[in-house]
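*Asks:* how would this look folded up:
(chains A, B and C)
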Amino acid sequence: MDVSRILSGLNEAQREAVAAPLGNQLVLAGAGSGKTRVLVHRIAWLIHTEQLSPQSILAVTFTNKAAREMRERIESLLGISTRHLWVGTFHGIAHRLLRTHWHAAGLPQAFNVLDADDQLRLVKRVHSELNLDEERWPAKQTRWFINAQKDEGRRPEHIEAAGDLFLTTMVEVYRAYEAACARTGLVDFAELLLRSHELWLRHPDLLHHYQGRFRHLLVDEFQDTNAVQYAWLRVLAGEVLSVTAVGDDDQSIYGWRGARIENIHRYCDDFAQVQTVRLEQNYRSTGTILGAANALIARNADRLGKELWTAGEEGTPISLFAGFNEQDEAGYVIERIEHHLNQGFQRSDIGVLYRSNAQSRVLEEALLRAAIPYRIYGGQRFYERLEIRNALAYLRLLVHRQDDAALERVINTPSRGVGAKTLESLRERARADGVPLWDAMHTCVTSGGLPARARSSLAAFIELIDDLQVSVQGLPLGTLVDVVLERSGLLAHHGAEKGEKGQARIDNLRELVSASRQFDTLLWADEEMRAEVEGSSPLAMFLDVAALEAGDAQAHEDEDSVQLMTLHSAKGLEFPVVFLTGVEEGLFPHKMSLEEPGRLEEERRLCYVGVTRAMQHLYLTYAEMRRLHGSDHFHKISRFVREIPPEFIQEVRMNHAVERPFTGADSLGGDAVYQLGQRVRHGTFGEGVILNAEGAGRQARVEVQFDAEGSKWLVLAYAKLQPI
DNA sequence: AAGATAGTCGTTTTT
DNA sequence: CGACTATCTT
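*Replies:* Coordinates of the predicted model:
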């Protein structure tokens, strides 16, 4: 492969970034400017032209998906295996380091990763041990506090809390929580980062080893790094390694969970001779969409400054639609979706975006009614499902008996007569002896202090786990998981759930078996990975994958479908047609963000992200009246819409497609002619008068002012109205 | 130990 | 309004 291939097809700025001499570089990559492409080609360039060996490159991303994509693209560009290249998420890399250097990091070899759900349970337990009132001290708040502290790199002893009841209490819980984690060998997500940072600081020999191994570090989505991640990177780079930071300050939308946009500025100060390259040519959107995006983001202060441009078409104006209410808004979205589908777009070419998840329902219902297949992002993911978490808990116990979080989850699932009281005495025993629950359980069984029945239940549980461990010895991973599901009684337990739930749970558990089998196959096909199993086991490695990667929300759904998601999850994606719904003051920008200017700017960046997802057609829609939390809200149009110059926007006429008089189904299933002002009778609501109408055919709806019930929007096809 | 019921709360989310 | 939880009931 020759060098020209690495540079061909790149624009001047991209080429500059890719072919820069080895050194510190900041790539400010605007939306749709070919950021991933530059990263991938940069790595190829370093290997090819700077003669860096693949193992001397470390590339860090935020999501597993991004890491996977980068790996795949490097492989296809260079035609080499990326096995020796370190590409992964911050958490994944930190985890790998801790697994390798567990001893130096002060962890038990078999430590388990604690996910958000188990973390909350643990916090609750610590709360009750400290006799904190759940009312006054919500566990979620404490979890948030602990994670925020860890994200900032602070241990309890770093927090100045004197005289402040809130802080003193939080620090006390933080301490007790840490002690519980240490006792039971559990490491939460933030801890992975914090501890591997401390690993660098406390073991200069290890740090030097890695500084010798790596030559260059690349970080994607730099604007999303938090304080620990930045510190980790800074220490690792030291004075010897160079760093490519790629990011876009205008797309920083995770400030609320610790991301520090300032890290981009700090990078320029802290690292020597940073060369900055701006990628401003956009290959995604029309001139109109970019004009709107540029104008919008220009309202933010303290930007590094960037203006997107395109060599392409101006395109069509942005459509702005005002609905009466959210149903009306959804009706318009459906109508336009159908229009674009008729034009020849695929359903997957269409993205429907919203600020908060609660908004998805009305849209879903409308899509369902119109029989348009859709896919909704977000929601519960595979490894987060109850039955899967239960199964993983059994597996975790097999690997690591000290895992209290796992033990608590399954000791009585399925129920085997270990109730709340027994569990409470177990916890007390564990607390008194300063040991994990498993050990306390042994003590209780042998030395008494419990009713005979509870003792035999516990003994049976111990035997179950120990027996499982023995009988599972030497089995291939898939079979092992299968046996555990069967013998633990989980399969029967979940299968017995009524309705379709039971079957769905069984299906998911079967899916887990096949996922583990697949993982096993992959593992044994790979020399390198097999080497890593030394000192570990396929099961332990599978559990790590499950902990660090939540999996997809929907099981392989491959039907062409319209894509529904929040603005946050839309980052990094693009669609020929985009609907940005609910552009209303209070909703977007969200009312919680209105007070602090900083948060409002983040909302604006979120809007910028939304607008720049669109390639050809962008729709902004809002509802004049919206039912939220059971009451009506009358929102004004979002300020963000006003911030877009009017020349880019075309207001769509309200009451579109209304035909008056118009026809629709009547109570006998035939067609009837209706008019505004006409009196009608409804089966349940009684008599009323038609005030308003919109849509046509199956979608035709009318607003009826009922004499007794007030006014309601009804779909003619279902309402079975009788003209009077 | 399941099932019913009352009470609460209501951005955004990855790892 | 409706999803989720905690608590009470059988």
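*Asks:* and chain A, what are its domains?
*Replies:* Using automatic domain parsing, the domain parsing of chain A gives A:3-102+A:193-281, A:112-184, A:296-379+A:557-652, A:382-549, A:662-723.
*Asks:* redo the ones you listed as TSV? Include distance to residue A:290 and mean neighbour count.
*Replies:* Where you see a C-beta, it was placed from the backbone N, CA and C, and this is true even at glycine. Shown next, in TSV, are those (distance: least, Cβ to Cβ, whole Å; neighbours: other Cβ atoms under 10 Å):
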stretch	distance to residue A:290	mean neighbour count
domain A:3-102+A:193-281	9	19
domain A:112-184	34	17
domain A:296-379+A:557-652	5	18
domain A:382-549	35	17
domain A:662-723	33	16
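*Asks:* of all these, which one comes closest to residue A:288?
*Replies:* In terms of Cβ to Cβ, the element of these nearest to residue A:288 is domain A:296-379+A:557-652, at 4.7 Å.
*Asks:* roughly how far is that closest one from the heart of the chain?
*Replies:* Put simply, domain A:296-379+A:557-652 sits 19 Å off its chain's centre (Cα atoms, centre = their mean, to the nearest Å).
*Asks:* then the helix or strand hosting residue A:621 to CSV, C-alphas only?
*Replies:* Assigned by DSSP states H and E, residue A:621 falls within strand A:614-628. Taking Å, rounded to 0.1, in the frame of the first residue of the first chain, the C-alpha atoms of strand A:614-628 are listed here in CSV:
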residue,chain,number,x,y,z
ALA,A,614,-29.9,16.6,8.8
MET,A,615,-28.5,16.1,5.4
GLN,A,616,-31.3,17.3,3.1
HIS,A,617,-34.5,18.1,4.8
LEU,A,618,-35.0,19.5,8.3
TYR,A,619,-38.3,20.0,10.0
LEU,A,620,-38.8,21.9,13.2
THR,A,621,-42.1,21.2,14.9
TYR,A,622,-43.8,22.3,18.1
ALA,A,623,-47.1,22.2,19.8
GLU,A,624,-48.9,25.2,21.1
MET,A,625,-50.5,23.1,23.8
ARG,A,626,-48.9,20.1,25.2
ARG,A,627,-50.1,17.7,27.9
LEU,A,628,-47.3,17.0,30.3
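*Asks:* residue A:209 and residue A:445: what is the separation?
*Replies:* Going from residue A:209 to residue A:445 by Cβ to Cβ, to the nearest Å gives 46 Å.
*Asks:* same question for residue A:635.
*Replies:* 61 Å.
*Asks:* what does chain A have sitting close to DNA strand C?
*Replies:* A:134, A:361, A:627, A:629-630 (Cβ under 7 Å from any atom of the strand).
*Asks:* so among the residues you listed, where is pLDDT lowest?
*Replies:* Minimum pLDDT across the residues of chain A next to DNA strand C is recorded for residue A:134, with 80.
*Asks:* next, that one: secondary structure please.
*Replies:* coil (DSSP: H, G, I helix; E, B strand; the rest coil).
*Asks:* doesn't residue A:127 make contact with it?
*Replies:* Yes - between residue A:134 and residue A:127 there is a contact under Cβ atoms under 8 Å: 6.7 Å.
*Asks:* single out the residue in the stretch 51-200 of chain A that lies closest to DNA strand C.
*Replies:* residue A:134 (6.6 Å; Cβ to the nearest atom of the strand).
*Asks:* that older thread, any chance of CSV for the domains of chain A, columns distance to DNA strand B?
*Replies:* As requested, the domains of chain A are arranged in CSV below (distance: least, Cβ to the nearest atom of the strand, whole Å):
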stretch, distance to DNA strand B
domain A:3-102+A:193-281, 3
domain A:112-184, 4
domain A:296-379+A:557-652, 3
domain A:382-549, 3
domain A:662-723, 20
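*Asks:* what distance do you get for the residue nearest to residue A:484 when sequence neighbours are not counted to residue A:541?
*Replies:* Excluding its sequence neighbours, the residue lying closest to residue A:484 (Cβ to Cβ, 6 or more residues apart in numbering) is residue A:394, at 5.3 Å. According to Cβ to Cβ, residue A:394 stands 17 Å off from residue A:541.
*Asks:* and the one helix or strand the residue nearest to residue A:484 maps to, what does it pack onto?
*Replies:* Residue A:394 belongs to helix A:386-399 when assigned by DSSP H and E. Applying 3 or more Cβ pairs under 8 Å, 6 or more residues apart in numbering; DSSP states H and E, one finds that helix A:386-399 makes contact with helix A:404-410, helix A:452-472, helix A:477-488, helix A:490-495, helix A:500-525, helix A:538-548.
*Asks:* could you dump it to CSV, C-alpha only?
*Replies:* C-alpha atoms of helix A:386-399 as CSV (Å, rounded to 0.1, in the frame of the first residue of the first chain):
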residue,chain,number,x,y,z
LEU,A,386,-33.8,-8.2,34.9
GLU,A,387,-33.5,-11.8,33.8
ILE,A,388,-30.1,-11.3,32.3
ARG,A,389,-28.8,-9.5,35.3
ASN,A,390,-30.0,-12.3,37.5
ALA,A,391,-28.2,-14.8,35.3
LEU,A,392,-25.0,-12.8,35.3
ALA,A,393,-25.2,-12.5,39.1
TYR,A,394,-25.1,-16.3,39.5
LEU,A,395,-22.2,-16.4,37.1
ARG,A,396,-20.4,-13.7,39.0
LEU,A,397,-20.8,-15.6,42.2
LEU,A,398,-19.2,-18.6,40.7
VAL,A,399,-16.2,-16.6,39.8
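*Asks:* distance from it to the middle of the chain?
*Replies:* Distance of helix A:386-399 from its chain centroid, counting by Cα atoms, centre = their mean, is 22 Å.
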